[in-house]
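# Quick one: sequence plus predicted model below, questions after.
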Number of protein chains: 4
Amino acid sequence: MRGRVVGVMGPGAGATAADCELAGALGRAIASEGWAVLTGGRPSGVMAAVNRGAKQAGGLTIGILPGRDRTLADPNVEVVINTDLGYGRNNINVLSSDAIVACGMGLGTASEVALALKNGKSVILLGCNPTAIAFFQQYGGVQLKIAATVDDAIRELQTLLMPPQDPPDSSP
Amino acid sequence: MRGRVVGVMGPGAGATAADCELAGALGRAIASEGWAVLTGGRPSGVMAAVNRGAKQAGGLTIGILPGRDRTLADPNVEVVINTDLGYGRNNINVLSSDAIVACGMGLGTASEVALALKNGKSVILLGCNPTAIAFFQQYGGVQLKIAATVDDAIRELQTLLMPPQDPPDSSP
Amino acid sequence: MRGRVVGVMGPGAGATAADCELAGALGRAIASEGWAVLTGGRPSGVMAAVNRGAKQAGGLTIGILPGRDRTLADPNVEVVINTDLGYGRNNINVLSSDAIVACGMGLGTASEVALALKNGKSVILLGCNPTAIAFFQQYGGVQLKIAATVDDAIRELQTLLMPPQDPPDSSP
Amino acid sequence: MRGRVVGVMGPGAGATAADCELAGALGRAIASEGWAVLTGGRPSGVMAAVNRGAKQAGGLTIGILPGRDRTLADPNVEVVINTDLGYGRNNINVLSSDAIVACGMGLGTASEVALALKNGKSVILLGCNPTAIAFFQQYGGVQLKIAATVDDAIRELQTLLMPPQDPPDSSP
């Protein structure tokens, strides 16, 4: 079976130290589950941190670049897609992920959360501020999950991404 | 000189009666200023209302469709652009507008407000709820304006779109 | 009824003097029929020539730019769409046109002719070299037309774009 | 070092048996060199054949889908990118490849060869008809290579993709 892909969206240059620490731990945890990490691919902020974490744990990393120059990708991105779409690539980021984690918040991330929900994808807000949570809860319905820790986020992803289990055998 | 283009973003099927009433008045007012209206082009909600208003006042209407079939455009759209980009076209909506008004709020509109601000465009939130205003004020800086009425929105647009005036002649 | 849109594709910097002369006459003729002209929007070669011709005859001109800066559009483009898609915008050029005329040939034009035919659009090759004609005739079927003069191209467009006529009244 | 990516473009439903046989051998040979294969991702024609070949030889396969449903990808594609761009994704196919091989010819393939050359990429025409070769030789310059066999194509790719060798040590 083709592997699962978790999109991790978050600020680039505007990321806080806390965002990056969460992202690094998230990358390691996602890779440990055997899932690939997909990001916007640039060597900055949450993207760089989650890719570094994923590579530390031996995971596959996919990066969807806004431009057309592979050498501008984060060095820890293994599969680089050059789109030359600018921020138009944000829609591809979410469409190519089985589920999305927003790690921190900013304008690019907000566009990706909104596009993901609009496209019917599940989104986990990790380490997002209360105003962001309140805003997206107005529109996200059951597709929107809130996580306070990386462990919480991984549990949500396990539920979202795991194949349905056979029911326990109830035959006598 | 090429005419100015105001992008009006807002919910489609999810628009409220109040959103549509604002959008109709906004379309008439934008056209009365001599500016074109640009929308996502579908015959629904805020898009339909603002195009109807603009046509009533003799304005030019531009629609950027998510699909590839011109006959699915709102009948009041005069210039139809078929993108076949799905929601990827939201970035084109904002890039092709000189300034953006969000009339009401939803997931598609949220993505457009975020992309517009990310792209350096000015955005006016008209008739948006306090949570949406609080959310975007975290990131929008001086590019973000709040308007309670269509008149407020037009005044903001006049400031944004009018060419600089020559200083009054102070020669004796 | 919404007006018809003719996409005119052709070389930019690589256009010959003959390409540009044809394009100017084509622009005037398209506008005289009451149809809009749609191009890739840059101030160069066939795009510039066809827009200048169309404006001379009072026509509407639409330009789909590869970038995001309206000031880089050809000055004779009235409706400017900023895509920020690079050559990805070539697909939008053809999808947004009711029929396409290739005026001269080059790599960008070849991609547009191929995408237009692939998308089911009719394409008229005007002033194209025999090798280009032979190549596209392998794949174009009845969607592909060959024109030696602007008059020929306009006659083909009239057939393609005119609404069906009512049959003559045969009642006694 | 990040691995090299060879884009293989060719007809889907219109592929001939000869196209598919070449594509299967090409996929095996590319994977044997340690390079990834990138295609338009659909389970049809040249795309399906080259992915099957590459997987037989243990290679990495990347597919750039026109739509948004991962389950429509060819089963031998390991990394699936959902673009929802329709044929607009053809530009991403070529931008994300270090070099391109056209295996057979059709309208989609023609658009990709033209876009690749326009974007400055090297293209190898493998098993293409003389008219197609003559057409693209008008515009392709040194970026365009002609190959009659898979071995020829691999030799061209080796020259294009191999890092420059250190000069032989001439010290005594």
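All right, it came through fine.
# Please make it C-alpha for all contacts and neighbour counts, starting now.
Fine.
# Where does pLDDT dip in chain A?
Scanning chain A with the threshold set as pLDDT under 70 gives A:1, A:164-172.
# Nearest to chain B: which residue in it?
Closest contact between chain A and chain B, by Cα to the nearest Cα, is at A:Ser111 (4.2 Å).
# Can you tell me which residues in chain A are near chain C?
A:84-86, A:88 (Cα under 8 Å from any Cα of the partner chain).
# any idea which helix or strand comes after the helix or strand containing the residue of chain A closest to chain B?
Using DSSP states H and E, A:Ser111 sits in helix A:107-118. Following helix A:107-118 in sequence order, the next helix or strand is strand A:123-126 (DSSP H and E).
# Adjacent strands (with direction) for that next one?
strand A:99-103 (parallel), strand A:144-147 (parallel) (DSSP bridges).
# and those strands as TSV, adding distance to B:Gly104 and mean neighbour count?
Formatted as TSV, the strands paired with strand A:123-126 follow (distance: least, Cα to Cα, whole Å; neighbours: other Cα atoms under 10 Å in any protein chain shown):
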stretch	distance to B:Gly104	mean neighbour count
strand A:99-103	24	27
strand A:144-147	21	19
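# will you turn those strands into a markdown table that also has distance to B:Ala36?
Below are these laid out as a markdown table (distance: least, Cα to Cα, whole Å):
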| stretch | distance to B:Ala36 |
| --- | --- |
| strand A:99-103 | 36 |
| strand A:144-147 | 37 |
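# Quick check: which of those is nearest to D:Leu144?
In terms of Cα to Cα, the element of these nearest to D:Leu144 is strand A:99-103, at 40.6 Å.
# Can you name the residues in contact with that closest one?
Contacts with strand A:99-103, where a contact means Cα atoms under 8 Å, 6 or more residues apart in numbering or on different chains, come from A:5-11, A:19, A:22-23, A:46, A:94, A:109, A:113, A:116, A:121-128, A:153, A:157, A:160-161.
# List buried residues within those residues.
Buried by 16 or more other Cα atoms under 10 Å in any protein chain shown: A:5-11, A:19, A:22-23, A:46, A:94, A:109, A:113, A:116, A:121-128, A:153, A:157, out of the contacts of strand A:99-103.
# Name the residues of chain A found near chain B, please.
With the criterion set to Cα under 8 Å from any Cα, chain A comes near chain B through A:87-92, A:106-108, A:110-112, A:114-115, A:117-118, A:131-132, A:134-135, A:139.
# Which PyMOL command selects the buried ones in those residues?
The following PyMOL line selects those of the residues of chain A next to chain B that are buried, judged by 16+ other Cα under 10 Å:
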select buried, chain A and resi 87+88+89+90+91+92+106+107+108+110+111+112+114+115+117+118+131+132+135+139
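# Please list which of the residues of chain A next to chain B are also close to chain D.
A:91-92.
# packing partners for the helix holding A:Ser111?
helix A:90-95, strand A:99-103, strand A:123-126, helix B:107-118 (3 or more Cα pairs under 8 Å, 6 or more residues apart in numbering or on different chains; DSSP states H and E).
# so that helix versus strand A:99-103, what angle?
150 degrees (axes from the mean of the first three to the mean of the last three Cα atoms, to 10 degrees).
# So what touches helix A:107-118?
For helix A:107-118, using Cα under 8 Å, 6+ apart, the contacting residues are A:9-11, A:87, A:90-91, A:93-95, A:100, A:102, A:122-123, A:136, A:140, A:143-144, B:87, B:107-108, B:110-112, B:114-115, B:117-118, B:139.
# Strands of chain A, residue ranges please.
For chain A, the strands defined by DSSP state E occupy A:5-9, A:36-39, A:61-65, A:79-82, A:99-103, A:123-126, A:144-147.
# residues in chain A within reach of chain D, list them.
Proximity of chain A to chain D (Cα under 8 Å from any Cα) is limited to residues A:2-3, A:68, A:70, A:78-84, A:91-92, A:95-96.
# For A:Ile62, give its distance to A:Ile81.
8 Å (Cα to Cα, to the nearest Å).
# show me the contacts for the closest residue to A:Arg4 other than its chain neighbours.
Leaving aside its chain neighbours, A:Arg4 sits nearest to A:Trp35 (5.0 Å; criterion: Cα to Cα, 6 or more residues apart in numbering or on different chains). Going by Cα under 8 Å, 6+ apart, A:Trp35 touches A:3-6, A:59-60.
# Going by distance to A:Ala148, which of these wins?
Looking across those and measuring by Cα to Cα, the closest to A:Ala148 is A:Val6, at 17.7 Å.
# OK, contacts around A:Glu78?
By Cα under 8 Å, 6+ apart, A:Glu78 lies in contact with A:60-63, D:2-3.
# now do 7 Å
When contacts are counted by Cα atoms under 7 Å, 6 or more residues apart in numbering or on different chains, A:Glu78 touches A:60-62, D:2.
# same question, A:Leu144
By Cα under 7 Å, 6+ apart, the neighbours of A:Leu144 are A:122-124.
# Excluding chain neighbours, what is closest to it?
Using Cα to Cα, 6+ apart, the nearest residue to A:Leu144 is A:Val123, at 5.1 Å.
# Equivalent analysis for A:Ser44, please.
Computed as Cα to Cα, 6+ apart, the closest residue to A:Ser44 that is not its neighbour in sequence is A:Gly12, at 4.9 Å.
# okay but that neighbour is in contact with A:Val46, surely?
Yes - using Cα atoms under 7 Å, A:Gly12 makes contact with A:Val46 at a distance of 5.9 Å.
# List the contacts of the longest helix seen in chain A.
For chain A, the helix with the greatest residue count under DSSP state H is helix A:17-32. Outside helix A:17-32, the residues within contact range by Cα under 7 Å, 6+ apart are A:45-46, A:49-54, A:56-59, A:103-104, A:150.
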